[in-house]
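Q: Everything below, folded, please.
(2 chains)
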Amino acid sequence: MRNLLPVLVVLAAIIGIWYAAVAPMNIRVALDQAERAGVAVEPAGSLERRDTSVWRLMAANPGQISAGYALERPRLPTPQQVGQELWKTTGEMALRGRAMSKRSLIYHGWITLQSTLWGFLLGTTLGILGAVAIVYSRVVDMSLMPWAIISQTVPIVALAPMIIVLSSQLGIEGRGVPKAIISAYLCYFPVLVGMVKGLRSPAVSQLDLLKTYNASGLQAFFKLRLPASVPYLFTSLKVGIAAALVGTIVGELPTGAISGLGARILIGDQFGTPLAIWAALLAAAILAGLLVTLLDVLQRVTLKRMGMQA
Amino acid sequence: MSWLIFALVFWIGAWALNAWLANSAYAQTRAVRVLIPVLFGVTLLVLWEGVVRALGVSPVILPPPSTVVQTFANSTDILWEDFQQTVFKGALTGFVIGASAAFLTAIAIDRSAFLTRGLLPIGNFVAALPIVGIAPILVSWFGFDWQSKAAVVVVMVFFPILVNTVQGLRETDAMQRDLMRTYAAGYWQMLVKLRLPAAMPFIFNGLKIATTLALIGAIVAEYFGSPTRGMGFRISTGVGSLSIDLVWAEIAVAALAGTAFYGIVTWIEKRVTFWHPSQRG
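A: Numbers count the residues shown, from 1 in each chain, chains lettered A, B, ... in the order given. Below you'll find the model as predicted:
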């Protein structure tokens, strides 16, 4: 709570800068539109204006600056316009009972969320299994760990179109599976690293104590190593779910996707509707925030129940 | 069928060799530590080659590694041109601009505890967002050439580096700062001689995260329009025209570039933060 005021001030500053930037960004478009509508602008003709700086344009046509804040296809929309577009494609449609219509961002967000969660599940499972194998087997540790690190330096987006082609050739319908694979690829690594750290976190004296209790290896795993790794697990899950969402959106960007927030961005780009792109971006940001917050709450509740954090 | 059997036998043989090496007396020597992962990687390639040949998978779907290597050797000029466009002009320029901007911003806001408290949560949040999505917007702002790719990279690397640098600058403890004060050190002396060196492990952490992001940003931005060269351009057109072997060659270049980029930053980190516990031993 101590941070609330500073955060709000910084947020207000960012929004202020955003509003201020809208005028120079949009003045050319605004002047073009005004000229077509028959208003005299200085200098006339968009070719002449191209060589004039935006500041001089704003000084010469002070009356047109405000028009830049209400364009239908702005280069930079105002935060208010983005918010309105987001409300129009989510809340308003939901109120009219069309929340799952193909034009609604709720529908596209749901598609993205599904792939994200499947990818998250797959990536987390792989990460945890990999971590267990690494902790218990030296061969796996020495052969797998370097490749796990290298796998993260490989730009997965280069592979994304290939994964989509491959899975469609293998007869997998739809894009859910390839998207989930891409997000699992991005999400397994933080989980793997966090779990290796967590599973190795019990001290030798604790492991020795279990040995004096004549505990089997399996018991040592379930009663000591696994509980000890839970705080590490949650920290990496929060990183992992954000990475999974990035992976899904990247998987929706290249060629041909029609549903999902990434596809909305692509379609908005192709049809020249910047407001749709910005609304989809904002929706993705909100989705990311919700997912991370949800895991954060889960972390607090679980750790409190386990008596690890007051 | 013989290919499949060969691949399986190779797999089992390599695994047995690795298992023996890892538990042998030589396990801690440098050569073995390198040999084991290399053997693992070669096994994966042999399995890929064996499965593709044995099952007669069409090269349009998944070419065997040997074909990819051939294509790689035959089209080095195209690959080099794309590499220059995407990695040097797009990713590296953006990385340098973004990292410098983040670094200077971090030092500027660090003087105000209020700003730091306000910016850290926001920076952490933004660093977790799918920022790649702004690629089409920036491409429409800065045009199709490398400038727009560099702009996407700048935005993508900015926040991870900013957050890490700000966190790193808070790493010194009161005792160390008091010692500097007894030496009558001013703000800038304290920054250069104590706080920046102490922040280096964090800064390099951010830089390492940013290396991958830079390549991702540069490649994704090319999906939204680029001149007729560049790795992202070649990949998206290659998928359309079914020259899949060239796409895999580009992927190999991307993988090598990403690993090399990361490796270089890690190498510099080792030289700069040699005193840190994680680098010793």
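Q: which residue ranges form the helices in the stretch 151-300 of chain A?
A: Under the criterion DSSP state H, counting those that start in this stretch, helices of the stretch 151-300 of chain A are mapped to A:156-169, A:176-199, A:204-212, A:217-220, A:226-252, A:261-270, A:274-305.
Q: Include mean neighbour count when you put the ones you listed into JSON lines, please.
A: In short, each C-beta sits where N, CA and C put it, glycine included. Formatted as JSON lines, these follow (neighbours: other C-beta atoms under 10 Å in any protein chain shown):
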{"stretch": "helix A:156-169", "mean neighbour count": "21"}
{"stretch": "helix A:176-199", "mean neighbour count": "25"}
{"stretch": "helix A:204-212", "mean neighbour count": "11"}
{"stretch": "helix A:217-220", "mean neighbour count": "12"}
{"stretch": "helix A:226-252", "mean neighbour count": "24"}
{"stretch": "helix A:261-270", "mean neighbour count": "23"}
{"stretch": "helix A:274-305", "mean neighbour count": "18"}
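Q: Minimum distance to residue B:79: which of those helices has it?
A: Nearest to residue B:79 among these is helix A:156-169; the distance by C-beta to C-beta comes to 12.7 Å.
Q: Distance from the closest one to the middle of the chain?
A: When C-alpha coordinates are averaged (C-alpha atoms, centre = their mean, to the nearest Å), helix A:156-169 and its chain have centres 20 Å apart.
Q: which ones are touching residue 136?
A: I went with chain A, as the question did not name one. By C-beta atoms under 8 Å, 6 or more residues apart in numbering or on different chains, residue A:136 lies in contact with nothing.
Q: oops, chain B please
A: Residue B:136 touches A:265, A:266, A:268, A:269, A:277, B:224, counting by C-beta under 8 Å, 6+ apart.
Q: Go ahead and flag the most central residue of chain B.
A: The residue lying closest to the centre of chain B (C-alpha atoms, centre = their mean) is residue B:212, at 2.7 Å.
Q: Find the nearest non-adjacent residue to that one, please.
A: Distances taken as C-beta to C-beta, 6 or more residues apart in numbering or on different chains place residue A:153 nearest to residue B:212, at 5.7 Å, with adjacent residues excluded.
Q: Count the neighbours of that neighbour for me.
A: Neighbourhood size, residue A:153 [other C-beta atoms under 10 Å in any protein chain shown]: 22.
Q: Residue A:131: what's it in contact with?
A: Residues near residue A:131 by C-beta under 8 Å, 6+ apart: A:191, A:192, A:194, A:195, A:196, A:198, A:199.
Q: One more: residue A:223?
A: Applying C-beta under 8 Å, 6+ apart, the residues near residue A:223 are A:210, A:215.
Q: try it again with 6 Å
A: Listed by C-beta atoms under 6 Å, 6 or more residues apart in numbering or on different chains, the contact set of residue A:223 is empty.
Q: distance of it from residue B:155?
A: 47 Å (C-beta to C-beta, to the nearest Å).
Q: Likewise for residue B:186?
A: 35 Å.
Q: The two: which has the busier surroundings?
A: More crowded of residue B:186 and residue B:155, by other C-beta under 10 Å: residue B:155, with 20 against 9.
Q: what about that one, which SS state?
A: Using DSSP: H, G, I helix; E, B strand; the rest coil, the structure places residue B:155 in helix.
Q: Close to chain A: what parts of the stretch 1-150 of chain B are there?
A: Neighbours of chain A within the stretch 1-150 of chain B, by C-beta under 6 Å from any C-beta of the partner chain: B:18-19, B:22, B:36-37, B:40, B:61, B:114, B:117-119, B:121-122, B:128-130, B:132-133, B:136-137.
Q: Filter those residues down to the buried ones.
A: Among the residues of the stretch 1-150 of chain B next to chain A, those scoring as buried are B:18-19, B:22, B:36-37, B:40, B:117-119, B:121-122, B:128-130, B:132-133, B:136-137 (criterion: 16 or more other C-beta atoms under 10 Å in any protein chain shown).
Q: Now go through these and say which are in helices.
A: B:18-19, B:22, B:36-37, B:40, B:117-119, B:121-122, B:136-137 (DSSP state H).
Q: neighbours around residue 15, how many?
A: Just so you know, I chose chain A. 13.
Q: To clarify, I was referring to chain B.
A: Residue B:15 - counted by other C-beta under 10 Å - has 15 other residues nearby.
Q: Now it: which helix or strand?
A: Element membership for residue B:15 (DSSP states H and E) is helix B:2-23.
Q: Show residues contacting that helix.
A: A:138-139, A:142-143, B:32, B:36, B:39, B:43, B:46-47, B:50, B:53-54.
Q: make it 10 Å
A: Contacts to helix B:2-23, defined as C-beta atoms under 10 Å, 6 or more residues apart in numbering or on different chains, come from residues A:137-143, B:26-27, B:29, B:31-33, B:35-37, B:39-40, B:42-56, B:64.
Q: Please apply the same query to stretch A:81-100.
A: Residues contacting stretch A:81-100 (C-beta under 10 Å, 6+ apart): A:18, A:22, A:69-72, A:74, A:76-78, A:101, A:103-110, A:264, A:273-283, A:286.
Q: May I see the buried residues of that stretch?
A: A:81, A:82, A:85, A:86, A:89, A:90, A:93.
Q: Could you check which helix or strand contains the fourth one?
A: So that's residue A:86. helix A:79-89.
Q: For the next helix or strand after that helix, what is the distance to the chain centroid?
A: Using DSSP H and E, the helix or strand that follows helix A:79-89 towards the C-terminus is helix A:91-95. In terms of C-alpha atoms, centre = their mean, the centre of helix A:91-95 is found 24 Å from the chain centre.
Q: Likewise for stretch A:52-63?
A: 37 Å.
Q: how about it, does it get close to chain B?
A: No. Applying C-beta under 10 Å from any C-beta of the partner chain, one finds stretch A:52-63 separated from chain B by no less than 12.8 Å.
Q: what does that stretch contact?
A: A:23-28, A:30-31, A:34, A:39-43, A:49, A:64-65, A:67-68.
Q: Keep only those of those that are in helices.
A: Checked against DSSP H, the contacts of stretch A:52-63 include these in helices: A:23, A:24, A:25, A:26, A:27, A:28, A:30, A:31, A:34, A:49.
Q: Any regions of the chain where pLDDT drops low?
A: This is for chain A. Scanning chain A for pLDDT under 70 picks out the ranges A:1, A:99, A:173-174, A:254-257, A:309-310.
Q: my bad, the chain I had in mind was chain B
A: Looking at chain B by pLDDT under 70, you get B:280-281.
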